[in-house]
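K.L.:
Structure here, sequence nowhere to be found:
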Ligand code: 5GP
Ligand code: ZN
């Protein structure tokens, strides 16, 4: 079975990684709705949250708890939206559990429209985030 996020986790498809531990990886969304839009992904393949283990769901939220403040700070945002699209009816395109962290800045309208930054722009944002996470 081919799965885009399993291929990214395996290193077969490149990504702008910002965080990794034994059970979770986080990388920038290729079509961010805001600068720093990050996908937090359990490494174990499961189509959705409850198809995976409760332990993986807890580790996913634990990673969000640790890295969301650093992502927010790195991109100069003031807060963030968390989002999970569960099922095609909810807009899930990639059938491997993932949680979106979408940084938000006061005074900037909240958009859910994808943008198309260059590889260089994404790489520069990822570096800022990794540096901020490293300060924790
Ligand atoms: P979903 O709609 O399933 O909740 O979100 C899937 C997300 O994956 C989308 O926001 C989309 O932009 C992102 N995405 C799709 N393909 C790739 C890819 O190859 N690399 C990265 N980093 N993100 C991707
Ligand atoms: Zn997968």
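P.N.:
Perfect, I can see it now. What you see is a predicted model, and the numbers here were worked out from it, not measured in a lab. Ligands and ions are numbered 1, 2, ... in the order given.
K.L.:
burial measure for the nearest residue to residue 36 once chain neighbours are set aside, as a count.
P.N.:
Closest residue to residue 36 apart from its sequence neighbours, by C-beta to C-beta, 6 or more residues apart in numbering: residue 75 at 3.7 Å. All C-beta spots, glycine's among them, are computed from the backbone N, C-alpha and C. Using other C-beta atoms under 10 Å, residue 75 has 20 neighbouring residues.
K.L.:
Let me see the backbone angles for residue 75.
P.N.:
phi -100, psi 10 (degrees, to the nearest 10).
K.L.:
Equivalent analysis for residue 42, please.
P.N.:
According to degrees, to the nearest 10, residue 42 has phi -60, psi 140.
K.L.:
Near it, how many residues? Count them for me, please.
P.N.:
24.
K.L.:
What pLDDT does the model give it?
P.N.:
Listed pLDDT for residue 42 reads 98.
K.L.:
Please name the residues that touch it.
P.N.:
23-24, 52, 56-57, 59-60, 97 (C-beta atoms under 8 Å, 6 or more residues apart in numbering).
K.L.:
same check, this time on residue 5
P.N.:
By C-beta under 8 Å, 6+ apart, the contact set of residue 5 is 39, 41, 45, 94, 96, 98.
K.L.:
Next to ligand 1, which bits of the protein? Give me the list.
P.N.:
Contact residues (C-beta under 6 Å from any ligand atom) of the chain with ligand 1: 4, 15, 27-31, 85, 91-94, 114.
K.L.:
Can you pick out the ones from the contacts of residue 42 that are in strands?
P.N.:
Counted as lying in strands by DSSP state E, out of those, are residue 24.
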